[in-house]
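# Test case, fold it:
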Amino acid sequence: MAEEYKSLHPLKYYRDYYAHDIRPDGREFEDYRPVIVNVGSISTADGSAIAKVGKTTVICGVKAELCRPRPECPNKGFLVPNLELSPLCSSKFKSGPPGEEAQVLTQLIADVIENSRCINLEELCLLKDKLAWCLYADLVCLDYDGSLLDACIVALMACLRLLCPTSTTIRPWT
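Here you go, the predicted model:
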């Protein structure tokens, strides 16, 4: 019955919960979703992690390759995220090329990582203008239930921490 009410009157549905200072899943407004992280899940990746934030589950695998730095940033390496949202995680997504939401979230993940400066891309450069590390981060949503960006960032940071445990390149998110 609640699902029908939510789909027929979504604004009233959320306002009713808001009026009682709780969320639809029963949490109070100040409560966080529980976070679970498991690292080293994919043996064929250079770094990997599964992150679960509430019911949302994301798996991340990172492959590291050597490449030439971009001419506009000759002293920096790369981090290239790619998020996949398939019908496996929610019926809201369709098979085929990445949808708009996946593309927007992929760019948002890249922007969050770059703007937070939690990864020093300059330390990924081995020889200025000649050789740098390129980290390809494939993120796959296995179960979509909100907080997708949070789950992606947690999974990505956990597998990068596994990939470079003693490096100052990846700063902890404490």
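
# Please make it C-alpha for all contacts and neighbour counts, starting now.
Fine.

# distance of the closest residue to residue 130 other than its chain neighbours from residue 44?
Sequence neighbours aside, residue 68 is the residue nearest to residue 130 in space, at 5.3 Å (criterion: C-alpha to C-alpha, 6 or more residues apart in numbering). Separation of residue 68 from residue 44 (C-alpha to C-alpha, to the nearest Å): 24 Å.

# swap in residue 60?
12 Å.

# ok, back up a step: in terms of neighbours, single out the busier of residue 68 and residue 44.
Neighbour totals were compared for residue 68 and residue 44, and residue 68 leads with 20 against 11 (other C-alpha atoms under 10 Å).

# Please point out which parts of stretch 21-41 sit buried.
Neighbour-count burial for stretch 21-41 flags 22-23, 37, 39-40 (criterion: 16 or more other C-alpha atoms under 10 Å).

# ok, and what's touching that stretch?
If you take C-alpha atoms under 8 Å, 6 or more residues apart in numbering as the criterion, stretch 21-41 is touched by 14, 17, 47-54, 154-155, 158-159, 162.

# Just the buried ones out of the residues you listed, please.
The neighbour-count test (16+ other C-alpha under 10 Å) marks 47-54, 154-155, 158-159, 162 as buried among those.

# Any idea which of these the model trusts least?
For the buried ones among the contacts of stretch 21-41, the weakest pLDDT value sits at residue 162, with 83.

# Check for me that that residue belongs to a helix.
Yes - assessed by DSSP: H, G, I helix; E, B strand; the rest coil, residue 162 belongs to a helix.

# Without its sequence neighbours, what residue ends up closest to it?
Here the residue nearest residue 162, using C-alpha to C-alpha, 6+ apart, is residue 47, at 5.9 Å.

# Can you list phi and psi of that neighbour for me?
phi -150, psi 140 (degrees, to the nearest 10).

# ok, what's across the strand from it?
Legend: beta-bridge partners of residue 47 under DSSP bridges are residue 62.
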